[in-house]
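[1] Let's see this in three dimensions:
(chains A, B and C)
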Amino acid sequence: MAESNEQLDSADRFAVVEGEPVRELPEDLYIPPDALEIFLETFEGPLDLLLYLIKRQNLNILDIPVADITRQYISYIDMMSSLKIELAAEYLVMAAMLTEIKSRILMPRASTNEEESDDPRNDLIRRLQEYECFKKAAIEIDELPRLERELFELSVGLNQIEVEQPKPVVELNELLLAFKSVLIRVERLGHHQIKQEPLSVRERMTAVLALLRDSEADFIAFVDFFRPEEGKLGAVVSLLAMLELCKEGMIEITQAEPLAELWVTSPTA
Amino acid sequence: MEVNDIVEAVLFAAKKPLNLQQLQEILGEDAFPNKRELRDAINQIQKSYQARPIELVEVAGGYRFQVRSQAAPWVSRLLSEKPQKYSRALLETLSIIAYKQPTTRGEIEEIRGVSVSSNIIHTLLEREWIRSVGHKEVPGRPTLYATTKQFLDHFNLKNLEQLPPLSEVRLLDELQTIETKQTEK
Amino acid sequence: MEVNDIVEAVLFAAKKPLNLQQLQEILGEDAFPNKRELRDAINQIQKSYQARPIELVEVAGGYRFQVRSQAAPWVSRLLSEKPQKYSRALLETLSIIAYKQPTTRGEIEEIRGVSVSSNIIHTLLEREWIRSVGHKEVPGRPTLYATTKQFLDHFNLKNLEQLPPLSEVRLLDELQTIETKQTEK
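    Got it, this is the predicted structure:
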């Protein structure tokens, strides 16, 4: 109890001074700066960090010394920011919440019966307990014997037994919805985009590559990729397809000398 | 071949668990076994493998043969890839869905106190351990997630009740809970 | 576990026949069995399965458990059951190939944000919905995949242009999936 009082007192004086953020931290809170980032990564968020702080002092969640824990929590957060470690917003929200609880506890209250109903810590305690339950459950689930780790399915040969297994049928709709979810995900993650490209060009790209692959000759004349019966539009599609393939390094177009015939080949064929 | 032998052969040949219904359909035209007869057959097969390194178990999807866990060290040498390890974030998300299903991403984030990355949800969906079962009728109509039969099968469980019990949130009487826990053991 | 049990477990778990050499490598570090001991173990296992509907046989590649041919009628009924469903991951991969062809596995993985299993590519190739149309001139020369005529036929399309543009795909209704899923059951 004495120790906790002492910490309470120092809590008011504690501040992060630029350059010496660790000065007043208790011994056991010291972590080499290099390890700090890794240390923070081992936490699954503010609740996890709080639980750690509580457990480390063998305290019960039910009687958290809010002032003490708040001070420790905030000193971590301050250390992180002084080391320019990017913190998830949730950590800062928790710091604000802790500070608020602390100030409410320190405020003189009319009612003497504070422990019961109106303890500002209640909500935090409930959240910590709930999180702890699932944290434990996650560990227990991970420890369950599971396929591909402790248990393995059997594979038994089916020698003479030959059967034509019916193939799944896929509706176009299912395929499109699968693609829709790809699009949505890509947009949400942001660092990627799928642009609209005319599928006629994509299809022609495939056709050009197929022609090259299936042909006996290594080189095919450029003009052979154009079909007069397709008209101007067809010619444009072919040209775009060849340019795109060229750009992506899927084909090479060569010419022996200026104005000579153009030849198309697959690279390093 | 007798019913027992057919059941055994079919369970060996199947690539995933088979339930009584499926076994009945396969055996139906010749042997007409009823469910009780099938269950008896399964019991007998299970007994006859008691001393062997493989076992016939019941999981959510039905019955399947599997290698006993004692053989895992040698069997894993067969595999080119190490068994996948899952992050704490993924396991916590999975366990919240398992115990609180159906639940939304927002509710998971509320419990964990941090945002849940899309990657985790995506991985769980792709493993077919969770699936969307509808939408919650609140603003934004968030997706409701629940675990699947494949999840139970993968973790060798018959049903959700076989999950390790979730410890009680104990706000009021700490002592009482501790007592109950001790008697549970 | 004893050598016999380990050999049995490993032979059951292996996806293809194992020869004595491979068995020796797997058991090596612990039991140091020599080939004769291994052969003895195999003989004993073979004997103990004499009355069962599966057998341990020696085939070209080594030893393998297989279902006895007497069980063929039922096993083939099992396998000719209703077709399995393709996974979400497979459908997503296929849709990316359709819209982004010709494309490589790496590009698909980049878009999906998770790795694409070889199984999926294998299944799509086997189904003849995709095929390799060449290699991309980047390190590793990855295979370029494109959809096939069979793909268009299956989806009743004359050409790729009949696939709706991205703007329309984005507006597709989720409800439609549920309908499709239900009709499958």
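[2] use CA for all of it now, contacts and neighbours both
    Will do.
[3] so where do the helices sit in chain A?
    For chain A, the helices defined by DSSP state H occupy A:2-13, A:33-41, A:46-56, A:66-82, A:89-106, A:122-143, A:172-189, A:199-214, A:231-247.
[4] Excluding covalently adjacent residues, which one is nearest to B:Gln66?
    Closest residue in space to B:Gln66, ignoring its immediate chain neighbours: A:Glu153 at 4.8 Å, by Cα to Cα, 6 or more residues apart in numbering or on different chains.
[5] show me the contacts for that neighbour.
    By Cα atoms under 8 Å, 6 or more residues apart in numbering or on different chains, the contact set of A:Glu153 is A:147, B:65-67, C:13.
[6] picking that back up, tabulate the helices of chain A in CSV, adding columns for mean pLDDT, mean neighbour count and distance to chain C.
    Converted to CSV, the helices of chain A look like this (pLDDT from 0 to 100; neighbours: other Cα atoms under 10 Å in any protein chain shown; distance: least, Cα to the nearest Cα, whole Å):
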stretch, mean pLDDT, mean neighbour count, distance to chain C
helix A:2-13, 37, 12, 46
helix A:33-41, 68, 13, 22
helix A:46-56, 89, 18, 27
helix A:66-82, 84, 20, 30
helix A:89-106, 87, 16, 24
helix A:122-143, 92, 18, 22
helix A:172-189, 84, 18, 5
helix A:199-214, 87, 20, 5
helix A:231-247, 87, 17, 9
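[7] Of the ones you listed, give the one that comes closest to chain B.
    In terms of Cα to the nearest Cα, the element of the helices of chain A nearest to chain B is helix A:122-143, at 4.9 Å.
[8] now for that closest one, which elements pack on it?
    Where contact means 3 or more Cα pairs under 8 Å, 6 or more residues apart in numbering or on different chains; DSSP states H and E, helix A:122-143 is packed against helix A:46-56, helix B:88-100, helix B:105-112.
[9] Select, out of those helices, the one closest to A:Ile184.
    Smallest distance to A:Ile184 across the helices and strands packed on helix A:122-143 (Cα to Cα): 16.3 Å, for helix B:105-112.
[10] Return the distance of that closest one from the chain's centre.
    Relative to its chain's centre, helix B:105-112 lies at 23 Å (Cα atoms, centre = their mean, to the nearest Å).
[11] before we move on, what about stretch A:214-232?
    Taking Cα atoms, centre = their mean, the mean C-alpha location of stretch A:214-232 is offset from the chain mean by 46 Å.
[12] list the buried ones in that stretch?
    If you call a residue buried by 16 or more other Cα atoms under 10 Å in any protein chain shown, then stretch A:214-232 has these buried ones: A:219-220, A:222, A:225-226.
[13] pull the CA atoms of stretch A:54-65 into CSV?
    Provided in CSV are the C-alpha atoms of stretch A:54-65 (Å, rounded to 0.1, in the frame of the first residue of the first chain):
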residue,chain,number,x,y,z
ILE,A,54,-2.3,-4.8,-14.0
LYS,A,55,-1.2,-8.4,-14.1
ARG,A,56,2.4,-7.4,-13.7
GLN,A,57,1.7,-6.0,-10.3
ASN,A,58,-0.4,-9.0,-9.4
LEU,A,59,-3.4,-6.7,-9.1
ASN,A,60,-7.0,-7.8,-9.4
ILE,A,61,-8.9,-6.1,-12.2
LEU,A,62,-11.6,-5.4,-9.7
ASP,A,63,-9.5,-3.0,-7.7
ILE,A,64,-7.3,-1.2,-10.2
PRO,A,65,-5.5,1.7,-8.7
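[14] what about that stretch and chain B, any contact?
    Yes. Residues of stretch A:54-65 contacting chain B under Cα under 8 Å from any Cα of the partner chain: A:Leu62.
[15] Could you pull out the buried residues of that stretch?
    Burial within stretch A:54-65, assessed by neighbour count using 16+ other Cα under 10 Å, is assigned to A:54, A:61-62, A:65.
[16] quick one: contacts of that stretch?
    A:69, A:125, A:128-129, B:171.
[17] how about a cut-off of 6 Å?
    Outside of stretch A:54-65, no residue comes within contact range by Cα atoms under 6 Å, 6 or more residues apart in numbering or on different chains.
[18] ditto for stretch A:40-47
    With Cα under 6 Å, 6+ apart as the test, stretch A:40-47 has contacts from A:49, A:91, B:114.
[19] Span of it from start to end?
    Start and end residues of stretch A:40-47 are separated by 12 Å (Cα to Cα, to the nearest Å).
[20] Kindly report the same for stretch B:108-122.
    End-to-end distance for stretch B:108-122: 15 Å, by Cα to Cα.
[21] Can you give the distance of it from its chain's centre?
    22 Å.
[22] excluding its backbone neighbours, what's nearest the residue most central in space within chain B?
    Centroid-nearest residue in chain B: B:Leu152, 1.1 Å away (criterion: Cα atoms, centre = their mean). Closest residue in space to B:Leu152, ignoring its immediate chain neighbours: B:Ala60 at 5.9 Å, by Cα to Cα, 6+ apart.
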